[in-house]
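In: return atomic coordinates for the entry below.
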Amino acid sequence: MNCTVDLPSVPYFGTQLDASGARCGTGAPSCAEATRRISLAGYTHVQQTSSSDTHMTLVAQSQATKEWVHIRVYALEPLRRDVSLRDRVERSVLVGRRVKHPCIVRVVGTFYSRTDLFVVEEYCPGGELLSWVETHCREATTSGEECGRPVGLSTGFVKSVMRDVVSGMNYLHTECGVAHRGIKLENVLLNADNRAKLSNLGTCAVIPADVNTDGTGGLLELCCASRHYAAPEVVMGQAYSGQLADVWAAGVLLFVLLTCRFPFEEVDGSQGSDGSGCNDGALLRRICEADEVLASHPALVRVPDPLAVDLVRNMLRVSTKARLTVEEVLQHPFLSLP
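Out: Model prediction:
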């Protein structure tokens, strides 16, 4: 099924409906009015689950289908003022409504009231992969390191998550013609069966039609990756292949699942820009020296599966010519064998 996306330059917000009067002010929605209501434009059991600087997230049940959904609520006034935010929301809606793949979160529909935009997505009760990793690693790291045991998540779980993530990536690249550019733990959700799904499609970019010598599409220029997941070519400000940048970010994700650590983090006592204790300069330098860093990385020594180590090292090659493509990742024995 082809879902080739031509990203628009005008809002793509769907049909205006009566949202039962839900109104959360002019900033990022934070009031509880919508969550107190029994019904919201055909949805019941509406409850707030989280909020951020840009939107509020609700969980609700469709009256028509009885399916549970997530609803992202954006105040319209900030969307009108903030072009970058509006662009991300438009992209997430357009791509999310066109995808039909079990490893990508679908946008079910949209509606809006006088004050707010509502984006309805399929529900993933397992939550963010980040929460799973934090819970496991908090319990396993101390005892594992003291005894020299591996501290990562189980091999079976890691394989399942990575197969789903890379399968979703491959679909976006080959069927939709877009690169995700935002692959990270927070943007991978788990359904009731612990199957992984890519979310947050607002960072997607259309892959230029030109074909490179490695078979990937043309190059992108705008950087969207979070610093821990940014590929060397992105760090150095070069034009880059969206497909290979996605492979790099998925390689970082795999490293974290295997070791409970980010691969290029170096805590030296100084505070990074996010207060994590990771120095930005050291982090970016180590990203650009990834081949040498990973060749002697102490966390990889504890990983019991040599195929997993081989895969992560080849997904995190500095040279894009040496880095595995998405197809090669899917065919790697760590993922292709039981």
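In: next SSE after the one helix or strand residue 74 maps to?
Out: Assigned by DSSP states H and E, residue 74 falls within strand 68-75. Going down the chain from strand 68-75, the next helix or strand is helix 76-81, by DSSP H and E.
In: tell me the mean pLDDT over stretch 266-276?
Out: Averaging pLDDT along stretch 266-276 gives 46.
In: list the strands paired with the strand holding residue 74, with their directions.
Out: Using DSSP bridges, the strands paired with strand 68-75 in its sheet are strand 56-62 (antiparallel), strand 116-122 (antiparallel).
In: can you give me the strands for the stretch 151-300 of the chain?
Out: 178-179, 188-190, 196-198, 205-206, 219-220, 240-241 (DSSP state E, counting those that start in this stretch).
In: give the buried residues for stretch 285-293.
Out: For stretch 285-293, burial by neighbour count (16 or more other Cβ atoms under 10 Å) applies to 286-288, 290, 293. Any C-beta I mention is one placed from the backbone N, CA and C, and that applies to glycine too.
In: now stretch 231-247
Out: Of the residues in stretch 231-247, 231-235, 240-247 count as buried by neighbour count, 16+ other Cβ under 10 Å.
In: can you pull the pLDDT of residue 284?
Out: At residue 284, the predicted lDDT confidence score is 91.
In: contacts only, for the most centrally placed residue in the chain.
Out: In the chain, the C-alpha nearest the mean C-alpha coordinate belongs to residue 187, at 2.7 Å (Cα atoms, centre = their mean). Neighbour list for residue 187: 180, 198-200 [criterion: Cβ atoms under 8 Å, 6 or more residues apart in numbering].
In: dump those to a markdown table, plus pLDDT, distance to residue 332 and neighbour count.
Out: Output for the contacts of residue 187, formatted as a markdown table (pLDDT from 0 to 100; distance: Cβ to Cβ, whole Å; neighbours: other Cβ atoms under 10 Å):
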| residue | pLDDT | distance to residue 332 | neighbour count |
| --- | --- | --- | --- |
| 180 | 96 | 19 | 30 |
| 198 | 98 | 19 | 27 |
| 199 | 97 | 24 | 24 |
| 200 | 93 | 26 | 19 |
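In: measure the residue nearest to residue 335 when sequence neighbours are not counted to residue 210 for me?
Out: Distance criterion Cβ to Cβ, 6 or more residues apart in numbering; nearest residue to residue 335, sequence neighbours excluded, is residue 163 at 5.4 Å. Plainly put, residue 163 is 30 Å away from residue 210 if you go by Cβ to Cβ, to the nearest Å.
In: who has more neighbours out of the two?
Out: Using other Cβ atoms under 10 Å, the more surrounded residue of residue 163 and residue 210 is residue 163, with 18 against 9.
In: pretty sure that one sits against residue 338.
Out: No: using Cβ atoms under 8 Å, residue 163 is not in contact with residue 338, being 11.3 Å away.
In: how close does residue 62 get to residue 209?
Out: Distance, residue 62 to residue 209, by Cβ to Cβ: 39 Å.
In: could you dump the strands paired with strand 68-75 into JSON lines with distance to residue 299 added?
Out: Output for the strands paired with strand 68-75, formatted as JSON lines (distance: least, Cβ to Cβ, whole Å):
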{"stretch": "strand 56-62", "distance to residue 299": "33"}
{"stretch": "strand 116-122", "distance to residue 299": "34"}
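In: tell me the most buried of the ones you listed?
Out: Ranked by mean neighbour count under mean count of other Cβ atoms under 10 Å, the strands paired with strand 68-75 are led by strand 116-122, which reaches a mean of 23.
In: now that one: how far from the chain's centre is it?
Out: 18 Å (Cα atoms, centre = their mean, to the nearest Å).
In: go on, stretch 308-319?
Out: Centroid displacement of stretch 308-319 relative to its chain, using Cα atoms, centre = their mean, is 20 Å.
In: poorly predicted segments of the stretch 51-200 of the chain, please.
Out: 141-150 (pLDDT under 70).
In: would you map the helices across it?
Out: Taking DSSP state H, counting those that start in this stretch to define them, one finds helices in the stretch 51-200 of the chain at 76-81, 83-98, 129-147, 155-171.
In: can I get these in CSV with distance to residue 67?
Out: CSV is the format used below for the helices of the stretch 51-200 of the chain (distance: least, Cβ to Cβ, whole Å):
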stretch, distance to residue 67
helix 76-81, 26
helix 83-98, 16
helix 129-147, 22
helix 155-171, 21
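In: tell me the most buried of these?
Out: For these, the highest mean count by mean count of other Cβ under 10 Å goes to helix 155-171, at a mean of 21.
In: which helices and strands does that one pack with?
Out: Contacts defined by 3 or more Cβ pairs under 8 Å, 6 or more residues apart in numbering; DSSP states H and E place helix 155-171 against strand 196-198, helix 242-259, helix 326-331, helix 333-336.
In: now the angle from it to helix 242-259?
Out: When axes from the mean of the first three to the mean of the last three Cα atoms, to 10 degrees is applied, the directions of helix 155-171 and helix 242-259 differ by 170 degrees.
In: CA atoms of helix 155-171 as CSV?
Out: Provided in CSV are the C-alpha atoms of helix 155-171 (Å, rounded to 0.1, in the frame of the first residue of the first chain):
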residue,chain,number,x,y,z
THR,A,155,17.1,-10.3,24.5
GLY,A,156,13.6,-11.4,23.4
PHE,A,157,12.1,-8.1,24.3
VAL,A,158,14.9,-6.1,22.6
LYS,A,159,14.5,-8.1,19.4
SER,A,160,10.8,-7.7,19.4
VAL,A,161,11.0,-3.9,19.9
MET,A,162,13.8,-3.4,17.3
ARG,A,163,11.9,-5.5,14.7
ASP,A,164,8.9,-3.3,15.1
VAL,A,165,10.8,0.0,15.1
VAL,A,166,12.8,-0.9,12.0
SER,A,167,9.8,-2.3,10.3
GLY,A,168,7.9,0.9,10.9
MET,A,169,10.9,3.0,9.7
ASN,A,170,11.2,0.9,6.5
TYR,A,171,7.5,1.5,5.8
